[in-house]
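Asks: below is the sequence, then the predicted model.
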Amino acid sequence: MSRKIAVLVGSLRKDSYNLKVAKILQQIAPKTLSLQIIQIGDLPLYNEDIDQGHPPESYTRFRKEIATCDGVIFVTPEYNRSIPAVIKNAIDVGSRPYGQSVWAKKPTAIISVSPGAIGGFGANHALRQSLVFLDMPTMQQPEAYFGGVATAFDDNGNIAEKSRAFLENFIKTYADWVNKLA
């Protein structure tokens, strides 16, 4: 049985390294997982006033998509030693209205992606704080900090073998984590 996994990409740039990594994860995921990249760039900033009564269609769509998933992978850059606003906004939209969070109990993993040497360490750990509150069991090992990503792809978009092996280990371990918690 294949489990449906939401993949949230924290960079909206068309040629984002985070999106490239998410697409590689889709390609190399074990058959026990079906990774779906869920769009978050169209979500208006969370505002309880617009959420009451008739929430924006994008809020409703997003909540339904996450609710149908068995787990979540966050692929995030680091902005100012933390997570990008688009990731935080998606978390807030999915956690509301109060008491109706779509996040609870979903096995989660984080991979932070950066051209820098420390691989988005700050973003990875900042995101974990919110996930604890949302009751999302988060895979602890391997910690996935993908540093130096700018040199991980060739001109044709192919990923270097060492980087591919890193991602294969990450996604295989996550698949095992999901099955353990199922």
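Replies: Thanks, I have the structure now.

Asks: contacts and neighbour counts: CA atoms only from here.
Replies: Will do.

Asks: find the nearest non-adjacent residue to Glu48, please.
Replies: Leaving aside its chain neighbours, Glu48 sits nearest to Pro97 (7.9 Å; criterion: C-alpha to C-alpha, 6 or more residues apart in numbering).

Asks: that neighbour should be in a helix, yeah?
Replies: No. Counting by DSSP: H, G, I helix; E, B strand; the rest coil, Pro97 is not part of a helix but coil.

Asks: how many residues are close by it?
Replies: By the criterion of other C-alpha atoms under 10 Å, Pro97 has 13 neighbours.

Asks: for the remainder of this discussion, apply numbering that starts at 252.
Replies: Done: numbering now begins at 252, and the last item shifts to Pro348.

Asks: from Gly322, how far off is it?
Replies: 20 Å (C-alpha to C-alpha, to the nearest Å).

Asks: which residues of this protein score low on pLDDT?
Replies: Applying pLDDT under 70 to the chain flags no residue at all.

Asks: give the residue farthest from the middle of it.
Replies: Distance from the C-alpha centroid of the chain peaks at Gly304, with 28.7 Å (C-alpha atoms, centre = their mean).

Asks: for the residue positioned nearest the centre of the chain, give me its contacts.
Replies: By C-alpha atoms, centre = their mean, the chain has its centre lying nearest to Phe325, at 1.4 Å. If you count contacts by C-alpha atoms under 8 Å, 6 or more residues apart in numbering, Phe325 has them with 258-261, 359-363.

Asks: following the host helix or strand of it, which helix or strand shows up next?
Replies: Element membership of Phe325, judged by DSSP states H and E, is strand 322-327. Toward the C-terminal end, the helix or strand that comes next after strand 322-327 (DSSP H and E) is helix 336-345.

Asks: buried residues, that following helix. List them.
Replies: The neighbour-count criterion (16 or more other C-alpha atoms under 10 Å) identifies 337-345 as the buried residues of helix 336-345.

Asks: which of the residues you listed sits closest to Ala411?
Replies: Ile338 (27.3 Å; C-alpha to C-alpha).

Asks: wait, the closest one touches Gly261, no?
Replies: Yes. Using C-alpha atoms under 8 Å, Ile338 is in contact with Gly261, at 5.4 Å.

Asks: so who does Lys255 touch?
Replies: Contacts of Lys255 (C-alpha under 8 Å, 6+ apart): 284-287, 319-322.

Asks: repeat the analysis, applying 7 Å as the threshold.
Replies: 284-286, 320-322 (C-alpha atoms under 7 Å, 6 or more residues apart in numbering).

Asks: ok, and the most crowded of the residues you listed?
Replies: Neighbour max across the contacts of Lys255 (other C-alpha under 10 Å) = Gly322, 28 neighbours.

Asks: roughly how far does that residue sit from Ser262?
Replies: Distance, Gly322 to Ser262, by C-alpha to C-alpha: 20 Å.

Asks: over to Met252?
Replies: Taking C-alpha to C-alpha, one finds Met252 at 31 Å from Ser262.
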